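# Whatever this is, show me its structure:
(4 chains)
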There are 2 protein chains.
Amino acid sequence: MNLETLKLYCDVVRLRSFSRGAAANTVSQSAASQAIQQLEAELDAVLLDRSRRPLLPTEQGQAFYDSCRTLLQGWEKARAELAAARERVEGTVRVAAIYSVGLHDMSRHMQPFMAAYPQARVLLECLHPHKVVEAVLEDEADVGILSYPAATRALTVLPLRMEPMVLVAHPAHRLARRRSVAASELQGEKFVAFDRDLAIRKAIDRALKQHGVRVEVVMEFDNVETIKQAIGINAGVSILPRPTVLNESGMRTLAVTPLTLPGLVRPIGIIHRRGRRLTPVVARFIEQLQKPVDGAP
Amino acid sequence: MNLETLKLYCDVVRLRSFSRGAAANTVSQSAASQAIQQLEAELDAVLLDRSRRPLLPTEQGQAFYDSCRTLLQGWEKARAELAAARERVEGTVRVAAIYSVGLHDMSRHMQPFMAAYPQARVLLECLHPHKVVEAVLEDEADVGILSYPAATRALTVLPLRMEPMVLVAHPAHRLARRRSVAASELQGEKFVAFDRDLAIRKAIDRALKQHGVRVEVVMEFDNVETIKQAIGINAGVSILPRPTVLNESGMRTLAVTPLTLPGLVRPIGIIHRRGRRLTPVVARFIEQLQKPVDGAP
DNA sequence: AACACGTCATTAATTATCCTAATAGTGGTA
DNA sequence: TACCACTATTAGGATAATTAATGACGTGTT
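A predicted model of the protein is given here:
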């Protein structure tokens, strides 16, 4: 039972003619005749009185006509709603990012992107790194931005940049005035660290161990902001990605010093679900993120 | 776009599986896969997220699923209404009859007919003869019962019986006591006639003229009952079909006398639209009408 | 009443569509 | 990583839809 047949039936009734109904549906008169005979057969009912010119629907045919009109109207409505939903969805980029890159990167890229795609809608959610991965896997986000991105079967990674890591200390700290610091100088230092289950913590631990340096971990947090606060009360020093302390460095609220610790960088990457073809808007958004920013060093 | 595909889609979404949805519609998994791909293509939308087990409808797919359920429900409703209407229509006989045979014939035939077809519904409408023909032509009645039925291109006639015509007079009339009356004895008689546009009037006029008899028409009516009333006040005599004056003859309120006027009979017939195949109930009803009645002379 | 005209039904051949079986590809899981 | 269950793909044969041509019929006209 197909909807074109119902449409045809409605047109035949409305136009009081098979041939005109057929023409309205750009099929031959024969096709219309057969289609409606088949319709009548399937319904086991006589819908039209053909022994009358112009033809007239039977009582049942009239009732069925009314039902069909409602039905077809509902179908058109469903189609229209679908098209509207698609437009809405396809114009949206859902971004999940870790706190330390989320707002920062967005502020730099949002304006040029919105200028190029004014009708686009960007939804940004800042999450814990694990939650970023989860959000992308669960299709709650189209793209994820995070550090130490790991490709899996389900995820594709697009490398974005490498952030150098710097020593961050209270301005009153003994290492605060130095031009640069060697790894060995951190031996035994009070250290504000990332949580043990974060990739950045593991990377820093590994780098320090390689240089035979042991620090005294006094606090552990899951995000950069809290670590900075701890340093602010001189609880210890820490090693953080340079971009996350640009402000504090400029305002001299924290001392930021280059660190001689080869190989220690924080890779930032974009992830999205593997195999999934990206909508144009999402693809353009990723391209925008990958562009070097004007004001960057 | 066919409704089976929509049903299939709903089942696939509901059962969270192509294979189970296919099974529910007794088609192969391959067919289901192809059908829904085609559906998505026609709608130009991704309805299902297959890269997830069990599969999940997209946001649009969910909305479309809801629409489809409503749509399919509406379709089933339309079907059910149609079936109900058909049952109602096919169990109904619409009869249009002239006054003088309507109630009389019905009372004789209704009981045996209803005994044989208890679920049948008989609608009787008593009309002016012209209106009977009109009602059948306009498909407002399935069968018509009338006198002097005329077959046309659009009407089929089934002869029912020939009613002998008798002289009807006031009991005090000079011809009231006679065993029989010859046509010539009506010469110059005051006569209560049918309207000029009725077939029965023309038949009587023709018969009288053939015998060289002229009567004095003092009144004209379009129905038997009024003519009988006029005779009741001795306004004149008339010639009427015998069955229509059976009661008055028995009760001696009117004098009924056989009339020697060869060829003067009133034919009663059933008419229905030509070429139209009659529903079983209508056909049985006609058969019932054609049966000789037990208590008939 | 016979005719002509427009309309619908029927037919047969072509074309398009749908369906199945077999097979390849993919996501989840031990 | 291999396996399992599920879905996509492919090619073929069956089924259905479509059309042009033709026949049947209702309607208005002469």
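
# and the longest helix for chain A?
Determined from DSSP state H, the single longest helix within chain A is helix A:59-90.

# same for it, what does it pack against?
helix A:3-15, helix B:59-90 (3 or more C-beta pairs under 8 Å, 6 or more residues apart in numbering or on different chains; DSSP states H and E). Just so you know, the C-beta spots here come from the backbone N, C-alpha and C atoms, and that holds for glycine as well.

# And those: which comes nearest DNA strand C?
If you check each of these against DNA strand C by C-beta to the nearest atom of the strand, helix A:3-15 wins as the nearest, at 7.3 Å.

# who's in contact with A:Lys7?
By C-beta atoms under 8 Å, 6 or more residues apart in numbering or on different chains, A:Lys7 lies in contact with A:Asn25, A:Leu72.

# if you set the cut-off to 6 Å instead, what comes out?
By C-beta atoms under 6 Å, 6 or more residues apart in numbering or on different chains, the residues touching A:Lys7 are A:Leu72.

# returning to that earlier point: pick the most deeply packed of the helices and strands packed on helix A:59-90.
Stretch with highest mean neighbour count among the helices and strands packed on helix A:59-90: helix A:3-15 (a mean of 20; mean count of other C-beta atoms under 10 Å in any protein chain shown).

# Okay, buried residues for the helix or strand following that helix please.
As assigned by DSSP states H and E, the chain's next helix or strand after helix A:3-15 is helix A:18-24. The neighbour-count check on helix A:18-24 (16 or more other C-beta atoms under 10 Å in any protein chain shown) flags A:Phe18, A:Arg20, A:Gly21, A:Ala22, A:Ala24 as buried.

# ok, the following helix or strand past helix A:18-24 near DNA strand C or not?
Next helix or strand after helix A:18-24 toward the C-terminus (DSSP H and E): helix A:29-43. Yes: applying C-beta under 7 Å from any atom of the strand, one finds helix A:29-43 touching DNA strand C at A:Gln29, A:Ser30, A:Ser33, A:Gln34, A:Ile36, A:Gln37.

# can you pull the contacts of the residue nearest to the third one when sequence neighbours are not counted?
I take that to be A:Ser33. Of all residues not flanking A:Ser33 in the chain, A:Phe18 sits nearest, at 5.6 Å (C-beta to C-beta, 6 or more residues apart in numbering or on different chains). The contact partners of A:Phe18, taken as C-beta under 6 Å, 6+ apart, are A:Val12, A:Gln29, A:Ala32, A:Ser33.

# Can you get me a residue count around A:Ser28?
When neighbours are counted by other C-beta atoms under 10 Å in any protein chain shown, A:Ser28 registers 12.

# Distance-wise, check it relative to A:Phe285.
Distance, A:Ser28 to A:Phe285, by C-beta to C-beta, to the nearest Å: 50 Å.

# likewise A:Arg16?
55 Å.

# Show me which of these two is the more surrounded one.
Applying other C-beta under 10 Å to A:Arg16 and A:Phe285 shows that A:Phe285 carries more neighbours, namely 24 against 15.

# what does the stretch 101-250 of chain A put close to DNA strand D?
Residues of the stretch 101-250 of chain A lying near DNA strand D by C-beta under 7 Å from any atom of the strand: A:Arg153.

# which residues of the stretch 101-250 of chain A fall in strands?
Along the stretch 101-250 of chain A, counting by DSSP state E, counting those that start in this stretch, strands occupy A:121-127, A:143-147, A:155-169, A:181-182, A:190-194, A:216-221, A:238-241.

# For the closest residue to DNA strand D within the stretch 51-200 of chain A, the count of nearby residues, please.
In the stretch 51-200 of chain A, the residue that lies nearest DNA strand D is A:Arg53 (3.3 Å; C-beta to the nearest atom of the strand). Neighbourhood size, A:Arg53 [other C-beta under 10 Å]: 8.

# how about it, secondary structure?
Of the three states, A:Arg53 takes coil according to DSSP: H, G, I helix; E, B strand; the rest coil.

# Distance check, it against A:Ser33.
A:Arg53 is 15 Å from A:Ser33, by C-beta to C-beta.

# what about A:Gly263, is that helix, strand or coil?
coil.

# Got phi/psi on it?
Backbone torsions of A:Gly263, given as degrees, to the nearest 10, read phi 90, psi -10.

# count of residues packed around the nearest residue to A:Glu216 once chain neighbours are set aside?
Leaving aside its sequence neighbours, A:Glu216 sits nearest to A:Lys190 (C-beta to C-beta, 6+ apart; 5.2 Å). Neighbour count for A:Lys190, taken as other C-beta under 10 Å: 16.

# Contacts only, for the residue in the stretch 51-200 of chain A positioned nearest to DNA strand C.
For the stretch 51-200 of chain A, the nearest residue to DNA strand C under the criterion C-beta to the nearest atom of the strand is A:Leu55, separated by 4.9 Å. Contact partners of A:Leu55, counting by C-beta under 6 Å, 6+ apart, are A:Leu48.

# confidence score at it?
On pLDDT, A:Leu55 comes in at 92.

# Could you do the one 4 residues further on as well?
The predicted local distance difference test score for A:Glu59 is 89.

# A:Ala296 now?
A:Ala296 carries a pLDDT score of 44 in this model.

# With A:Ala78 instead?
As predicted, A:Ala78 sits at a pLDDT of 95.

# ok, it - contacts?
Contact partners of A:Ala78, counting by C-beta under 6 Å, 6+ apart, are B:Ser67.

# Next, find the distance separating it from B:Tyr9.
Separation of A:Ala78 from B:Tyr9 (C-beta to C-beta): 11 Å.

# Could you list every helix and strand that the worst-scoring helix or strand of chain A on mean pLDDT packs against?
Within chain A, confidence by mean pLDDT, DSSP states H and E is lowest for helix A:99-116 among all helices and strands, at a mean of 84. Here helix A:99-116 touches strand A:121-127, helix A:280-290, going by 3 or more C-beta pairs under 6 Å, 6 or more residues apart in numbering or on different chains; DSSP states H and E.
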